[in-house]
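In: Next one to model:
(one chain, ligands or ions: 2)
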Amino acid sequence: VRPLNIGIAGLGTVGAGTVRLLQDNAALITARAGRPIRIAAVSARDRARERGLNLSGIVWAHDPQDMIANCDVIVELIGGAEGPARDLVEAALAAGTPVVTANKALLALHGATLAAHGTPLAFEAAVAGGIPAIKTLREGLAANQVTRIAGILNGTCNYILTTMREEGRDFAAVLADAQALGYAEADPAFDIDGVDAAHKLAILAVLAFGHPVDFAAIPVEGIRRVSALDIAFATELGYRIKLLGLAACTPAGVQLRVHPAMVPAASLLAGVEGVFNAVLFEGDAAGPIFLQGRGAGAGPTASAVVADLIDLVRGRHLPIWGQAALTPARAVPLAEHVGAYFLRLMVTDQPGVLADVTSALRDHGISLASMLQHGRKPGEAVPIVLVTHECSDAAIAAALGVIAAQEAVLEAPTLIRIEP
Ligand code: NDP
Ligand code: HSE
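Out: Ligands and ions are numbered 1, 2, ... in the order given. Here you go, the predicted model:
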């Protein structure tokens with residue numbers, strides 16, 4: 001039986017994990033694929049680097065594009081929306097060579113252009129690592145109008161938020177751990193500023209709703225400003241803070257947003273801890289579907305890469321976005337979001353401060369659900385926490401503008417959206 005010859009570009013966390021998985025599980029992968037998947041060639045920047053891999057009998061390509069002519073499938077695990085990864089994927093697809101990739105940045109920014117080649121392009125590993133999120137959406141929920149996605153889509157952020165809460169450690173020290181464990185992207189700003197989660201959310205939203213997404217228009221806020229104090233208040237109020245990717249498709253259009261959010265401590269999303277990822281899909285026929293698993297690291301990501309390879313060997317492939325053409329939809333701005341909000345202010349402890357703050361909320365039609373202040377330090381800085389009933393993002397933003405300008409408000413207010 002002729003093997004499927006593949007070329008793997010990139011031998012970092014995911015590339016090396018993919019080589020190991022193909023070698024360690026060769027017999028069962030062959031049985032499931034129907035023929036062997038053979039690593040014909042590999043490419044990385046530094047040939048001399050010790051990777052702990054057995055690469056004997058495998059051609060080393062100094063230029064990853066040299067693999068296209070001699071391989072049935074190219075596996076792109078270099079990363080980055082531009083540069084060598086994009087050049088390789090474009091060249092392979094243009095040559096009619098199918099591509100498997102874990103590159104969410106490339107898909108989120110250039111997916112439409114790549115799809116236009118009409119060559120198979122598989123990217124299960126690009127979203128939520130080992131969780132078959134794309135397969136679930138594109139195949140399992142193919143008969144549904146999906147109306148909502150809520151996801152914990154970045155393992156680094158979830159690991160940081162979980163560890164900060166459990167161990168009371170600083171953001172910077174916990175981030176360094178996540179980098180050492182191979183969870184964080186080469187540029188960790190992509191993780192902690194929410195960009196990586198937004199890449200994944202954009203991919204899921206296109207698949208779920210069948211509408212194109214303008215990545216640059218997605219409102220994105222990361223976790224740099226989430227403090228130990230806010231984590232403690234969230235716990236006291238019965239919530240956990242998570243970085244969420246949220247997408248909804250309603251008659252008003254499609255809304256995508258990525259930001260820290262408070263979720264009830266008893267909810268499924270709150271129970272997703274450490275580097276684990278989760279996605280919640282709501283289909284009109286199937287109802288809610290919740291998937292949880294490891295979203296980063298060598299093994300889980302390689303698991304998804306190899307599953308795509310097995311699909312390709314078996315001849316199972318669908319249009320990249322699950323349908324031949326996407327239909328445009330209105331992008332609903334964040335200002336139209338309606339929900340409850342957690343506000344934390346650092347204020348001077350003096351008479352009338354709370355009255356001024358609540359007047360600003362009243363003037364913008366915002367009703368309060370609860371309030372917290374611990375202790376008393378006359379004339380000194382104290383935190384006060386306000387939880388609102390449902391109101392619009394536009395209203396809370398306007399009220400915060402007034403509140404932030406008040407003399408007794410000592411630093412920029414913290415606002416965290418509360419999700420049901
Ligand atoms: P790494 O930085 O660990 O590895 C990148 C690899 O690409 C390295 O082996 C590097 O070579 C190689 N490389 C860089 N430039 C070139 C080039 N010009 N030609 C050939 N090879 C090159 O990245 P990851 O493995 O973490 O990530 C790979 C992809 O997978 C990214 O798209 C990432 O977003 C995605 N991903 C990562 C996950 C993770 O948990 N890490 C999870 C899900 C997706 P050298 O080793 O010689 O420097
Ligand atoms: N840096 C990413 C994360 C890797 O932390 O989730 C998985 O895409």
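In: so which strand or helix has R257?
Out: Assigned by DSSP states H and E, R257 falls within strand 253-264.
In: can you tell me how far the spatially closest residue to V226 that is not a sequence neighbour sits from E90?
Out: Nearest non-adjacent residue to V226, counting by C-beta to C-beta, 6 or more residues apart in numbering: P260, 5.3 Å away. Every C-beta, even on glycine, is put in place using the N, C-alpha and C of the backbone. Using C-beta to C-beta, to the nearest Å, P260 is found at 35 Å from E90.
In: how about the strands in the stretch 201-350 of the chain?
Out: For the stretch 201-350 of the chain, the strands defined by DSSP state E, counting those that start in this stretch cover 239-250, 253-264, 276-283, 287-294, 338-348.
In: will you turn these into a markdown table that also has distance to ligand 1?
Out: What follows is the strands of the stretch 201-350 of the chain, written out as a markdown table (distance: least, C-beta to the nearest ligand atom, whole Å):
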| stretch | distance to ligand 1 |
| --- | --- |
| strand 239-250 | 15 |
| strand 253-264 | 16 |
| strand 276-283 | 10 |
| strand 287-294 | 9 |
| strand 338-348 | 30 |
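In: Low-confidence stretches in the protein?
Out: For the chain, no stretch is flagged by pLDDT under 70.
In: For it, which segments count as helices?
Out: For the chain, helices defined by DSSP state H occupy the ranges 13-24, 26-33, 84-94, 104-115, 133-135, 155-167, 171-180, 189-192, 195-209, 228-237, 298-313, 353-363, 393-404.
In: How about the contacts made by A40?
Out: N5, I6, G7, I58, V59, M67, N70, C71 (C-beta atoms under 8 Å, 6 or more residues apart in numbering).
In: Once you drop chain neighbours, what's closest to the second one?
Out: The shortest distance from I6 to any residue other than its chain neighbours is 4.8 Å, reached at V73 (C-beta to C-beta, 6+ apart).
In: what's around F281, how many residues?
Out: 25 (other C-beta atoms under 10 Å).
In: Could I get the contacting residues of the spatially closest residue to it that is not a sequence neighbour?
Out: Of all residues not flanking F281 in the chain, I289 sits nearest, at 4.7 Å (C-beta to C-beta, 6+ apart). Shown in contact with I289 (C-beta under 8 Å, 6+ apart): T136, G140, L141, L280, F281, E282, G283.
In: can you pull the buried residues of stretch 260-277?
Out: P260, A261, M262, V263, S267, L269, A270, V272, E273, V275, F276, N277 (16 or more other C-beta atoms under 10 Å).
In: That one near ligand 2 at all?
Out: No: on the criterion C-beta under 6 Å from any ligand atom, stretch 260-277 is out of touch with ligand 2, staying 6.6 Å away.
In: Hmm, E185 is touching D196, no?
Out: Yes: using C-beta atoms under 8 Å, E185 is in contact with D196, at 5.9 Å.
In: So these two - more neighbours on which side?
Out: D196 (30 against 20).
In: correct me, but F281 touches L141?
Out: Yes: judged on C-beta under 8 Å, F281 makes contact with L141 at a distance of 6.3 Å.
In: Overlap in contacts, those two.
Out: In contact with both F281 and L141: A208, I289, using C-beta under 8 Å, 6+ apart.
In: Now the stretch 201-350 of the chain against ligand 1: closest residue?
Out: A296 (3.5 Å; C-beta to the nearest ligand atom).
In: Show the contacting residues for the residue nearest to V226.
Out: Contact analysis of P260 by C-beta under 8 Å, 6+ apart lists L161, E221, G222, I223, R225, V226, I241, K242, L243, L244, I416, R417.
In: any idea how far A40 is from the residue nearest to I6?
Out: 10 Å.
In: Show me what from the stretch 101-250 of the chain comes close to ligand 1.
Out: Contact residues (C-beta under 6 Å from any ligand atom) of the stretch 101-250 of the chain with ligand 1: A102, N103, K104, A125, G129, G182, Y183, E185, A186.
In: Not counting its neighbours along the chain, what's nearest the last one?
Out: Once its chain neighbours are removed from consideration, A186 has its nearest residue in G79; the separation is 6.5 Å (C-beta to C-beta, 6+ apart).
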